[in-house]
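1. After the sequence you'll find the predicted model.
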Amino acid sequence: LVLLFVVYLLFGTGLTTAGHQATLRRQLAPQLAPAGAPDRAPGPPPVPGGAIGLLQIPAIQVDKAIVQGVGEGDLRRGPGHYPATPLPGQPGNSGIAGHRTTYGAPFYRLNELHAGDRIGVWTRQGRFTYRVQRVFVVQPNDIAVLGPTPRPELTLTTCNPRYSAAQRLIVQADLVGPAAPATPVSHRPGAARPPSAPTIGVVGGQGAWARALGWGLVLVAAAAGSWVLARLWRRRTGTRWWALTYLAATPVCLAVLFLFFRQVSLLLPPSL
């Protein structure tokens with residue numbers, strides 16, 4: 001079970017994120033500005049948990065929909081925009097956090113970026129290109145990297161090293177070209193609050209104990225039920241066909257195990 005859980009964290013969580021990404025891209029399709037269109041007005045404030053744009057980093061093969069928010073549920077859907085920072089493409093320092101090793105691991109190769117690499121962001125205001133300036137590591141409580149800046153910037157954050165939350169890997173990039181009109185501060189959710197240290201690329205789970213216990217009981221019942229049926233079949237028939245019971249029960253047990261692992265993962269300490 002432990003080994004299967006590790007496999008689930010590294011690969012199975014990506015299936016959940018892939019489904020969310022498909023939904024987010026469908027939401028974005030009618031919103032994104034056409035290529036070559038002039039920057040449009042900022043429009044209504046972004047909806048928490050909704051899609052705000054596409055993040056494209058050719059050097060490390062990243063092409064993901066961006067979610068508004070960096071809560072535990074947000075980053076399981078894709079890279080998340082810090083609500084307390086400007087939207088990508090607008091004046092100031094826009095921050096985006098992402099998982100490093102789980103839930104699709106969009107920032108798995110973030111350490112491979114170098115000065116001069118390009119980062120593209122496509123929103124309802126247009127397409128914007130950033131050029132990487134710095135890649136460095138900070139402590140988890142260093143929130144200065146998300147502070148306001150006089151020029152339009154993009155800051156990407158994730159955990160460092162891989163499979164650990166001991167540090168934060170930071171990528172800072174400058175906008176190439178003019179910025180789009182800014183969303184009024186009073187209309188941007190969370191803009192009046194500076195980002196706090198616990199939210200710098202960190203997610204965690206709470207309140208999933210009951211659901212984890214429930215799916216755990218279902219898993220035990222499914223496994224025990226298949227064992228009992230196999231023994232009854234073997235006693236009555238005396239043949240080896242009883243093994244088919246296990247063969248039929250395996251997909252059911254694996255499906256329940258997947259749902260059980262999903263709830264258990266919510267109980268883990270915050271990490272990316």
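-> Here it is on my side, so go on. Source: prediction; values computed, not measured. Numbers count the residues shown, from 1 in each chain.
2. Give me the next element, helix or strand, following the lengthiest helix in the chain.
-> The helix spanning the most residues in the chain, taking DSSP state H as the definition, is helix 209-237. Following helix 209-237 in sequence order, the next helix or strand is helix 243-265 (DSSP states H and E).
3. what are the ranges of the helices in this protein?
-> Going by DSSP H, the chain shows helices at 2-7, 13-28, 72-75, 209-237, 243-265.
4. the inter-axis angle of the longest one versus helix 243-265?
-> Right, helix 209-237. 170 degrees (axes from the mean of the first three to the mean of the last three Cα atoms, to 10 degrees).
5. residues of helix 209-237 that come out buried?
-> By neighbour count with 16 or more other Cβ atoms under 10 Å, helix 209-237 contains the buried residues Arg211, Ala212, Trp215, Gly216, Val218, Leu219, Ala222, Ala223, Ser226, Ala230, Trp233. In this view, the C-beta of every residue, glycine as well, is placed from N, C-alpha and C.
6. Tell me the one among those nearest to Asn111.
-> Checking these against Asn111 by Cβ to Cβ gives Ala212 as the nearest, at 32.9 Å.
7. So for the closest residue in space to the closest one that isn't next to it in sequence, what's the pLDDT?
-> Nearest residue to Ala212 in three dimensions, chain neighbours excluded: Gln263, at 3.8 Å (Cβ to Cβ, 6 or more residues apart in numbering). On the pLDDT scale, Gln263 is placed at 82.
8. Gln263: neighbouring residues, count only.
-> 18 (other Cβ atoms under 10 Å).
9. again, but for Ala249
-> Neighbour number of Ala249 under other Cβ under 10 Å is 17.
10. now Phe5
-> Using other Cβ under 10 Å: Phe5 sits among 16 other residues.
11. Now do Gln139 against Phe107, distance only.
-> 18 Å (Cβ to Cβ, to the nearest Å).
12. Looking at the two, which one has more neighbours?
-> Phe107 (30 against 10).
13. if I look at that one, how far off is Arg76?
-> Phe107 is 14 Å from Arg76, by Cβ to Cβ.
14. Tell me the residues that contact both of the two, please.
-> Common neighbours of Phe107 and Arg76, using Cβ atoms under 8 Å, 6 or more residues apart in numbering, are His99.
15. which residues are in contact with the longest strand along the chain?
-> The strand that spans the most residues within the chain, counting by DSSP state E, is strand 126-138. With contact meaning Cβ under 8 Å, 6+ apart, strand 126-138 is reached by 33, 35, 37-40, 88-89, 110-111, 113-122, 145, 153-154, 160, 167-177, 180.
16. Can you flag which of those residues belong to strands?
-> Taking DSSP E as the definition of strands, the contacts of strand 126-138 contribute 118-122, 153-154, 160, 167-176.
17. Let me see the contact set for the residue lying closest to Arg262 once chain neighbours are set aside.
-> The shortest distance from Arg262 to any non-neighbouring residue, by Cβ to Cβ, 6+ apart, is to Thr16 (7.0 Å). For Thr16, the contacting residues are Arg76, Tyr103, Arg262, by Cβ under 8 Å, 6+ apart.
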